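Colleague: The sequence and its predicted three-dimensional model are supplied below.
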Amino acid sequence: MKIEIIQATCMGIKSDGVPNQDSILIYEDNKLLITTVSDGLGSSINSLEGAQLACKVVADYFREDDRSISPAFLSKTIPQEWKKLISERAGDRRDYRTTNSFVIILKHEKKIIIGRLGDVLVAIRVDGLFIPISSFEKEFINETECLGSNGNPEYEILLHDFQKSFEFLIASDGIGDELVNDKVELLFDYLKTKYASIKNNERNDLLIKEILQTLTDKNNDDKSLVFAWSN
């Protein structure tokens, strides 16, 4: 199975010295594809590290051969593993607050695992059927919707099977906030049609340029996007 992937992350308009607080991690081998995007909360001083660690926890978990894909287990285990890593760092857990979403493709089993905590948008199309996973309305990130909040936040986990094809989009809220619900499937068609005809080594640079040209003036948030499709 060949999977095409484009990705981009662009820093929003910020004060000097404030980094891009989004993080993307992509891993692929002959058995699976792992894609995960985190969006660190700007009000938390170490949110970039928190975002990076969230992506690491997801990737490390799914690379294990004996990992469970039970939704009930996953929804609690990944936050617990993230919390363990943060406990080894200086400062309070709230200093590392981040949202995170992921899409995992199990190639041989033809399964898709979707996880979402917070407002990182996820949408998929499976065998031609479009499935929006997250709300496209802006939601306030309360204490149960991000890693590092008080309490015990849990992921929304969904499993889907596919037969022939899939496409999926993961986007931080700097992009997701600008997408209109009924236009997202059109974005799938646009991205797949345009970038399939572009050389692999030029795709990501072009995507970054396109995001900067079309979305920079929309909001000040960091903007990250992963789009993938099967071939």
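Modeller: Perfect, I can see it now. Just so it is clear, the structure is predicted and the values come from calculations on it, not from any experiment.
Colleague: which residues does the residue nearest to the spatial centre of the chain contact?
Modeller: Residue closest to the mean C-alpha point of the chain, counted by C-alpha atoms, centre = their mean, is Val37 at 2.8 Å. Val37 makes contact with 22-24, 55, 100-102, 120, 170-172, 224-226, according to C-beta atoms under 8 Å, 6 or more residues apart in numbering. In short, each C-beta sits where N, CA and C put it, glycine included.
Colleague: wait, which of those is closest to Cys146?
Modeller: When these are compared for distance to Cys146 (C-beta to C-beta), Asn100 wins out at 8.3 Å.
Colleague: ok so, going back, list phi and psi for the nearest residue to the residue nearest to the centre of the chain once chain neighbours are set aside.
Modeller: Using C-beta to C-beta, 6 or more residues apart in numbering and skipping the chain neighbours, the partner closest in space to Val37 is Ile170 (4.6 Å). Torsion angles at Ile170 (phi, psi; degrees, to the nearest 10) stand at phi -130, psi 130.
Colleague: which ones are touching Ile170?
Modeller: So, once contact is read as C-beta under 8 Å, 6+ apart, Ile170 ends up touching Thr35, Thr36, Val37, Ser101, Phe102, Val103, Val120, Leu121, Val122, Leu225, Val226.
Colleague: Ok, Leu32 next?
Modeller: So Leu32 contacts Phe62, Ile104, Ile105, Leu106, Lys107 (C-beta under 8 Å, 6+ apart).
Colleague: Turn those residues into TSV, columns for distance to Asn46.
Modeller: Shown next, in TSV, are the contacts of Leu32 (distance: C-beta to C-beta, whole Å):
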residue	distance to Asn46
Phe62	25
Ile104	26
Ile105	31
Leu106	33
Lys107	35
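Colleague: just to revisit the earlier point, now, which of the contacts of Val37 lie within helices?
Modeller: Mapping the contacts of Val37 onto helices (DSSP state H) picks out Cys55.
Colleague: Out of the contacts of Val37, the closest to Pro79 would be?
Modeller: Taking these together and measuring to Pro79 by C-beta to C-beta, the closest member is Asn100, at 9.3 Å.
Colleague: What's the local residue count around the closest one?
Modeller: Neighbourhood size, Asn100 [other C-beta atoms under 10 Å]: 29.
Colleague: farthest pair in the contacts of Ile170?
Modeller: Greatest spatial distance among the contacts of Ile170 (C-beta to C-beta): Phe102 and Leu225, at 14.2 Å.
Colleague: if we can go back for a sec, give me the pLDDT value at the residue nearest to Val37.
Modeller: pLDDT, Ile170: 96.
Colleague: repeat for Thr144
Modeller: Value for Thr144, per-residue pLDDT: 46.
Colleague: Check Asp66 too.
Modeller: pLDDT, Asp66: 88.
Colleague: for it, helix, strand, or coil?
Modeller: coil (DSSP: H, G, I helix; E, B strand; the rest coil).
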